[in-house]
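Asks: only geometry, no sequence info:
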C-alpha cells in the first residue's frame with residue numbers, strides 16, 4: 001500500500017469536516033466504515049452520491065493515500081463531479097483519487113500490461129461506428145452480404161456479439177431471446193464473431209467490450225499483475241452496482257482479491273437495465289461473494305412526501321427477492337397519489353393535458369412536470385394532444401412520435417396523396433422501393449412535383465418497362481385511391497400499411513418493436529375526418545419547424561415525456577404514470593418470465609419514486625387492443641398492493 005500523504009504534502013491545512021452532523025446515522029455508518037466488504041443499499045432519493053462523496057473525503061481525512069482509492073462509476077462526468085465535491089468538502093487531496101468508468105480504468109491498465117495479452121501498448125480503441133465497419137468488412141469477406149435469406153446487418157451483428165461478451169450468454173441464447181429471425185444463421189454469426197476477434201487482435205485494436213473482457217483476462221491469468229494492481233488500489237468503491245454486468249462484477253472481485261476493502265453502493269429495487277446486460281444477481285449475491293460483508297441500508301428519503309413513499313414501499317413489498325427497506329421522509333404531506341381509469345387512451349391524453357394546464361395556472365413551471373411510460377409509443381396520443389395545444393415538451397427515450405422514421409415513411413404516402421407536389425415526401429417513398437435509386441427518384445420528382453405532369457407518369461412508357469415498373473404501378477394505384485378522398489382516413493392508412501409492410505421489414509432490423517407506433521397512428525386517425533387537419537396536427541411541431549425557430553424564441557421551460565428507463569435518477573414535482581395497464585406495464589413480453597416480470601415491478605417502483613409532490617397513476621380502458629397488442633385491465637401490480645384504496649385517492653377523469 002502506498003504511504004499515506006503527510007499533512008505537509010497537501011499544500012494547505014485540511015479543513016475539519018463535521019461528519020457526524022452533516023450525515024444521517026445510516027450515511028455516517030457507510031461513510032466511516034473502513035475495512036472489509038460493505039454493501040450499501042441506497043433507496044431512491046436517500047443521498048447515494050452524497051454518501052460516496054463523503055466517504056472519499058473521510059478516507060482521505062484519515063490519512064489514506066488518495067492514489068490508493070479507486071472510485072468506479074458509470075460516466076466520467078459522475079466521477080469528476082464526485083471528486084470535485086469531495087475536494088470542496090475537504091481539500092485538493094481528493095482530486096488525486098483514481099476515479100472513472102470501468103472502461104477508462106481498463107484502458108489505463110491495458111496500456112501498461114497489454115503486451116502480456118499480445119497487444120501493443122499503442123493499441124487503437126474502436127468506437128461503435130468503427131467497430132461496425134470492421135464487422136461489415138468481415139461479413140463481406142466471408143461472402144455473407146450475398147446470402148439469399150436475410151442476414152443481420154452490421155449494427156445487429158455488433159449488438160449480438162457485444163451482448164454475448166457482456167453477459168456471458170452464448171450467441172445461441174442471444175438469438176433465441178432477442179433476434180429469433182436470425183437463429184438459422186447461428187453458425188455464420190459465430191464465425192463472424194471469431195473472425196472479428198481475430199482481426200482486432202492482429203491489428204492491435206480493441207473495441208469497448210474488449211477493454212472489460214481483456215482486463216478480466218489479464219487479472220485472471222497473470223497473478224503477479226493482479227496482486228500488484230490490487231495492492232495499489234486498497235480501497236475500492238463502485239457506484240450503481242445494481243447496473244453492473246457479469247464482466248464488471250468479476251473485475252471488482254479480482255481487484256479486491258488482496259484486501260477485500262470494497263464498498264458497492266446501489267439499490268436492488270432499481271435494477272432495470274437487463275436489456276443492456278446489467279445483472280440483478282450481482283447486487284443480490286454480493287454478501288455471498290464477499291462473506292462477512294457489512295450491509296447498510298439508507299432509508300431516509302429527501303425527495304418525496306410520505307404519502308408517495310408509503311405507496312412506493314407497498315409496490316416493492318411484493319418483490320420476490322429484495323433487500324428489505326422502508327423509505328420515510330420528513331416531508332409529511334397530505335396529498336395521496338391519485339389513481340384513475342380514463343375511458344380510453346384519448347381520454348387519458350386529454351386528462352393529462354388538461355391537468356398540466358391547471359398546474360401551469362397554479363404557477364408550476366413546465367420543467368417540474370413529467371409524464372412517464374413503459375415504452376416510447378405509449379405517449380403517441382399525448383404528443384399529438386400537447387402539440388395541438390402548444391404545450392412544449394422534450395422526450396427522453398426515443399424520438400418524438402412524428403420524428404420516428406417509420407412514422408414519417410407512412411405519413412409520406414398521405415402527404416403525396418394530399419399534395420402531389422410534395423417533393424420531400426415523394427423522395428422518401430421512392431427510396432423505399434428496390435431498384436429505385438437517386439437518379440430515378442429525381443426524374444420522377446421532376447416530372448410529378450416540379451413539371452406538374454401528374455402521377456400518371458408512374459405508369460407511363462418511360463418507367464413501365466423498367467425492372468421496378470410493377471412497383472411504381474402499385475404505388476400509382478395506392479396514391480390514386482388516397483387522392484380521391486372517397487375512403488376514410490383509417491381505411492387509407494390500412495391500405496398504406498399493407499403496401500408498406502415488406503419495405504418496413506426490409507428497412508428496420510427492429511421492425512416488430514416499431515409496429516406499435518403504426519397501430520397508434522391508425523388509432524389517432526380514427527378521431528379525424530379531415531386529412532388536412534390530421535397532417536397538420538401531426539407535423540405542427542416537426543423537427544424542421546423546431547430548427548427554424550430563432551434561438552432567442554426557444555423556451556428552456558419544457559415539460560418532460562420519458563420512458564421509465566430514461567427517467568431513472570431524475571425527479572419532478574408532479575409525475576403522471578400513464579398506460580398502467582397489463583400488457584403495457586408489465587410488458588406483454590415479460591408476463592411468462594418470472595425474472596422479467598420482477599424487473600417490470602421494479603420499473604413501476606422507479607417511476608413512482610421520481611415524484612416529489614404529486615403522483616398520478618393512470619390506467620386507461622383499452623377495448624380489445626389492436627392487431628399488434630393485447631391488453632388486460634389495470635396493471636397486476638396495482639392489484640397486488642395491499643391497501644391500495646387507503647394509499648391512493650380516486651380521481652374521475
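Replies: Thanks, I have it. Keep in mind that what you see is a predicted model, and the values were worked out from it rather than measured.

Asks: hang on, residue 616 in a helix?
Replies: No: per DSSP: H, G, I helix; E, B strand; the rest coil, residue 616 lies outside any helix segment and is strand.

Asks: how about it, what does it touch?
Replies: 337, 338, 340, 352, 355, 574, 575, 576, 577, 651 (CB atoms under 8 Å, 6 or more residues apart in numbering). Yep, even glycine has a C-beta here, placed from its N, CA and C like the rest.

Asks: from those residues, list just the buried residues.
Replies: 337, 338, 340, 352, 355, 574, 575, 576, 577, 651 (16 or more other CB atoms under 10 Å).

Asks: how close does residue 142 get to residue 55?
Replies: 51 Å (CB to CB, to the nearest Å).

Asks: ok, those two, which is more surrounded?
Replies: residue 55 (28 against 14; other CB atoms under 10 Å).

Asks: isn't that one up against residue 31?
Replies: Yes: taking contacts as CB atoms under 8 Å, residue 55 lies within contact range of residue 31: 4.6 Å.

Asks: before we move on, the earlier item: out of the contacts of residue 616, who's nearest residue 614?
Replies: residue 574 (4.8 Å; CB to CB).

Asks: the host helix or strand of that closest one: how far from the chain's middle?
Replies: Using DSSP states H and E, residue 574 sits within strand 572-577. Offset of strand 572-577 from its chain centre (CA atoms, centre = their mean, to the nearest Å): 19 Å.

Asks: packing partners of the helix or strand just after it?
Replies: Beyond strand 572-577 on the C-terminal side, the first helix or strand identified by DSSP H and E is helix 594-608. Packing partners of helix 594-608 (3 or more CB pairs under 8 Å, 6 or more residues apart in numbering; DSSP states H and E): helix 280-284, helix 306-316, helix 564-567, strand 572-577, helix 636-639.

Asks: so what touches the last one?
Replies: This points to helix 636-639. 315, 318, 339, 580, 582, 585-586, 600-601, 604, 617, 619, 644.

Asks: average pLDDT for it?
Replies: Helix 636-639 shows an average pLDDT of 92 in the prediction.

Asks: the fourth one now?
Replies: Per-residue pLDDT values across strand 572-577 average out to 97.

Asks: neighbours of residue 150, just the number please.
Replies: Neighbours around residue 150, by other CB under 10 Å: 13.

Asks: scratch that, residue 359 is what I was asking about
Replies: Neighbour tally, residue 359, other CB under 10 Å: 18.

Asks: quick one: distance of the host helix or strand of it to the chain centre.
Replies: Using DSSP H and E, residue 359 sits within helix 345-361. Averaging C-alpha positions (CA atoms, centre = their mean) puts helix 345-361 26 Å from its chain's average.

Asks: ok, now how distant is residue 482 from residue 418?
Replies: 8 Å.

Asks: neighbour count: these two, which is higher?
Replies: residue 482 (22 against 16).

Asks: tell me where the stretch 451-600 of the chain has helices.
Replies: 461-464, 469-484, 489-507, 511-525, 531-539, 543-548, 564-567, 594-608 (DSSP state H, counting those that start in this stretch).

Asks: residue 574 reaches residue 614, doesn't it?
Replies: Yes: using CB under 8 Å, residue 574 makes contact with residue 614 at a distance of 4.8 Å.

Asks: all helices for the stretch 101-250 of the chain, in order.
Replies: 102-113, 128-141, 154-167, 171-178, 186-202, 208-221, 223-232, 246-255.

Asks: give the residue spans of the stretch 501-650 of the chain that score low on pLDDT.
Replies: For the stretch 501-650 of the chain, the stretches flagged by pLDDT under 70 are 536, 539-556, 623-631.

Asks: dump the helices of the stretch 101-250 of the chain into TSV; add mean pLDDT, mean neighbour count and distance to residue 519 as well.
Replies: As requested, the helices of the stretch 101-250 of the chain are exported to TSV (pLDDT from 0 to 100; neighbours: other CB atoms under 10 Å; distance: least, CB to CB, whole Å):
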stretch	mean pLDDT	mean neighbour count	distance to residue 519
helix 102-113	90	18	39
helix 128-141	86	17	31
helix 154-167	90	20	24
helix 171-178	89	16	21
helix 186-202	90	17	31
helix 208-221	94	20	35
helix 223-232	95	15	53
helix 246-255	96	21	36
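
Asks: closest to residue 238 out of the ones you listed?
Replies: Residue 238 lies closest, by CB to CB, to one member of the helices of the stretch 101-250 of the chain: helix 246-255, at 5.9 Å.

Asks: who does whatever helix or strand comes next after the closest one pair up with?
Replies: Sequence-wise, the next helix or strand downstream of helix 246-255 (DSSP H and E) is strand 262-266. Strand 262-266 sits in its sheet next to strand 38-42 (parallel), strand 235-238 (parallel), going by DSSP bridges.

Asks: where exactly do the strands run in the stretch 351-500 of the chain?
Replies: Counting by DSSP state E, counting those that start in this stretch, residue ranges of the strands within the stretch 351-500 of the chain are 369-373, 393-396.

Asks: now render those as TSV, adding mean pLDDT.
Replies: Formatted as TSV, those follow (pLDDT from 0 to 100):
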stretch	mean pLDDT
strand 369-373	96
strand 393-396	90
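
Asks: so which of those is the most packed in?
Replies: Among the strands of the stretch 351-500 of the chain, strand 369-373 has the highest mean neighbour count (mean count of other CB atoms under 10 Å), at a mean of 27.

Asks: ok, now which ones touch residue 182?
Replies: Residues in contact with residue 182 (CB under 8 Å, 6+ apart) are 150, 151, 152, 156, 160, 175, 189.

Asks: farthest pair in the residues you listed?
Replies: 150 and 160 (14.2 Å).

Asks: distance check, residue 142 against residue 163.
Replies: Counting by CB to CB, the gap from residue 142 to residue 163 is 21 Å.

Asks: for residue 179, same thing?
Replies: Distance from residue 179 to residue 163, by CB to CB: 10 Å.

Asks: quick check: buried residues in stretch 475-493?
Replies: 475, 476, 478, 479, 481, 482, 489, 492, 493.

Asks: nearest residue to residue 367 other than its sequence neighbours?
Replies: residue 557 (5.3 Å; CB to CB, 6 or more residues apart in numbering).

Asks: isn't that neighbour up against residue 369?
Replies: No: the pair residue 557 and residue 369 does not pass the contact test of CB under 8 Å, sitting 10.1 Å apart.

Asks: now do the shared contacts for these two.
Replies: The contact lists of residue 557 and residue 369 share no entry, where a contact means CB under 8 Å, 6+ apart.

Asks: you'd agree residue 134 is up against residue 126?
Replies: Yes: using CB under 8 Å, residue 134 is in contact with residue 126, at 6.6 Å.

Asks: quick check: neighbours shared by these two?
Replies: With CB under 8 Å, 6+ apart as the test, residue 134 and residue 126 both reach 200, 205.

Asks: how about the nearest residue to residue 609 once chain neighbours are set aside, what does it touch?
Replies: Spatial nearest neighbour of residue 609, excluding adjacent residues (CB to CB, 6+ apart): residue 44 at 3.7 Å. Listed by CB under 8 Å, 6+ apart, the contact partners of residue 44 are 267, 269, 270, 301, 303, 312, 327, 605, 606, 609.

Asks: of those residues, closest to residue 85?
Replies: residue 303 (18.6 Å).

Asks: so the closest one, which state does it fall into?
Replies: Each residue gets one of three states, and residue 303 gets coil by three-state DSSP.

Asks: could you measure it against residue 158, distance?
Replies: Counting by CB to CB, the gap from residue 303 to residue 158 is 38 Å.
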